[in-house]
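Visitor: No sequence on hand, only this structure:
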């Protein structure tokens, strides 16, 4: 009973520590959101002033033109439109002429005379309308002296407005920096208090750990399976499976259909409670925990996230909203805060939206953010699933046949994306895959199983050369 109480207190302390760390991270992230909002607002204000200045410049620039140039420039579009209109009218008249001649050649002279009269009328109307356009855009006499004076005025005005624009932008930056500094000071004060609370909890945790039996695991290992067994009645799906997954590597689990690969994933994520065995995991706080102690819905909070063989997106939501849905565990505001859209909730939503946009940008998916999943290429949907896993701040990403249904080009893109996630997001990747080309190219370590039992574990070259694997899975030499 005492042991259970200590374990409960340990998990409770870990939960509180995670909450405080997340608050500190949110506060720091919100400063980036503030900077982004300030930048967008500055750009908007500067562009508004630019448009206003352009109107002033345009009015002066018109006065620098000669009457001929002014008329040509401002009447050009209207005359082009007029030309197109009369081109088709003349063409229709010509077509009608040929049609009448073909119907009765004996009346050729009368038809021709009527045709020429029609063309003359059209030409007269055209010249009248063109003259009207030119008259509308005519400019009074501008002497060379006046034009030169206006050109000088234009240069001075452009210079003055540019200096005004720079001064305006500089003042905006100063104002924004002052507001940012005030907000930064508030956040620093909050984080200082949170750090003090965090330190207290860490001391309590250390004291509690000193009286507990703790698990041990090498520093470079993030997941250790020891004697894992999963039995369904008389069927043994996983039989005494043991291996280590090292931090930061891409670990592949291979085997024929029915070998027990997905069952292993379901045991790690607690979809199934194993019949026997131990699964040690180094969590976000670098504590070694037994995954068997957690409920299925708690696993994600410790930095383990998975995808499934089929694409599991919400089809009625946009790609951006699909990512935001995945971040539900990252919110700290309560149900009531969500209901009334409290200030805290709005801040969290802004932070998570900025995070989602960054992830989509990093993975080359930003152009799809407002699209709905229905109709998008299958390869894109697979990448969106990968992007969605990153919203949970994972340490271990479990991928169940990520390349299933992809063509060669999409598989290449998948490989580069997984490598990018591994390096830039500091994640360990654990995958099951039947595409041996992809597995050998991508994985650092491979474990081959058959009928739930381990056949071999090693580098891709070692697995390819292993006789037992060749016979049991790859079909021999």
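Guide: Everything's here; your move. Note that the structure is predicted; figures quoted are calculated from it, not measured.

Visitor: Excluding covalently adjacent residues, which one is nearest to the residue positioned nearest the centre of the chain?
Guide: Nearest to the mean C-alpha position of the chain, by C-alpha atoms, centre = their mean, lies residue 360 at 1.1 Å. Leaving aside its chain neighbours, residue 360 sits nearest to residue 366 (4.6 Å; criterion: C-beta to C-beta, 6 or more residues apart in numbering). No exception for glycine: its C-beta is placed from N, CA and C like everyone else's.

Visitor: quick one: contacts for residue 31?
Guide: 180, 183, 184, 187 (C-beta atoms under 8 Å, 6 or more residues apart in numbering).

Visitor: out of those, which are buried?
Guide: 184, 187 (16 or more other C-beta atoms under 10 Å).

Visitor: Out of the contacts of residue 31, list just those in helices.
Guide: Cross-referencing the contacts of residue 31 against helices under DSSP state H gives 180, 183, 184, 187.

Visitor: Assign the closest residue to the last one other than its chain neighbours to helix, strand or coil.
Guide: Taking C-beta to C-beta, 6+ apart, and ignoring the residues beside it in sequence, residue 187 has residue 27 as its nearest neighbour in space, at 4.6 Å. Going by DSSP: H, G, I helix; E, B strand; the rest coil, the secondary structure assigned to residue 27 is helix.

Visitor: Equivalent analysis for residue 113, please.
Guide: helix.

Visitor: and it, what pLDDT?
Guide: Residue 113 is assigned 90 on the pLDDT scale.

Visitor: residues near it, how many?
Guide: Other residues near residue 113 come to 10 when the count uses other C-beta atoms under 10 Å.

Visitor: Return the distance of it relative to residue 119.
Guide: Residue 113 sits 11 Å away from residue 119, going by C-beta to C-beta, to the nearest Å.

Visitor: Distance check, the residue nearest to the centre of the chain against residue 324.
Guide: As judged by C-beta to C-beta, residue 360 and residue 324 stand 11 Å apart.

Visitor: what do you get for residue 101?
Guide: 71 Å.

Visitor: Between these two, which is the more surrounded one?
Guide: residue 324 (19 against 15).

Visitor: where are the low-confidence patches of the stretch 1-150 of the chain?
Guide: 1-4, 6, 8, 140-142 (pLDDT under 70).

Visitor: give me that answer again for 50
Guide: In the predicted model, the stretch 1-150 of the chain carries pLDDT under 50 at residues 2.

Visitor: Could I get the full set of strands for the stretch 151-300 of the chain?
Guide: Remark: strands assigned in the stretch 151-300 of the chain by DSSP state E, counting those that start in this stretch are 221-232, 235-246, 250-254, 276-282, 288-290.

Visitor: Quick one, which of those gets closest to residue 146.
Guide: Taking C-beta to C-beta, strand 250-254 is the member of these nearest to residue 146, at 74.7 Å.

Visitor: what's the angle from the closest one to strand 235-246?
Guide: 160 degrees (axes from the mean of the first three to the mean of the last three C-alpha atoms, to 10 degrees).

Visitor: Which strands and helices lie in contact with strand 250-254?
Guide: helix 261-268, helix 408-424, strand 428-432, helix 436-442, strand 445-450 (3 or more C-beta pairs under 8 Å, 6 or more residues apart in numbering; DSSP states H and E).

Visitor: which residues touch it?
Guide: Here strand 250-254 makes contact (C-beta under 8 Å, 6+ apart) with 245, 261, 264, 418-419, 422, 428-434, 436, 439, 442-449, 463, 473.

Visitor: Please repeat the previous calculation with a cut-off of 7 Å.
Guide: The contact list for strand 250-254 (C-beta atoms under 7 Å, 6 or more residues apart in numbering) reads 245, 261, 264, 418, 422, 429-433, 439, 442-449, 473.

Visitor: Mind listing what's buried along the helix or strand encompassing residue 132?
Guide: Using DSSP states H and E, residue 132 maps to helix 108-136. For helix 108-136, the neighbour count (16+ other C-beta under 10 Å) marks 111, 115, 118, 126, 130, 133 as buried.

Visitor: which of the residues you listed lies closest to residue 73?
Guide: Using C-beta to C-beta, these come closest to residue 73 at residue 133, 12.6 Å.

Visitor: ok, now how distant is the residue nearest to residue 308 when sequence neighbours are not counted from residue 471?
Guide: Leaving aside its chain neighbours, residue 308 sits nearest to residue 400 (5.5 Å; criterion: C-beta to C-beta, 6+ apart). Applying C-beta to C-beta, the value for residue 400 to residue 471 is 26 Å.

Visitor: So residue 439 sits against residue 446, correct?
Guide: Yes. Using C-beta atoms under 7 Å, residue 439 is in contact with residue 446, at 6.5 Å.

Visitor: Just want to know which of these two has more residues nearby.
Guide: residue 446 (26 against 20).

Visitor: Quick check: that one touching residue 433?
Guide: No. With contacts defined as C-beta under 7 Å, residue 446 does not count as touching residue 433, sitting 9.9 Å away.

Visitor: overlap in contacts of these two?
Guide: In contact with both residue 446 and residue 433: 252, 439, using C-beta under 7 Å, 6+ apart.

Visitor: quick one, domains of the protein?
Guide: Per the record, the chain has its domains at 2-59+148-210, 66-141, 221-472, by automatic domain parsing.
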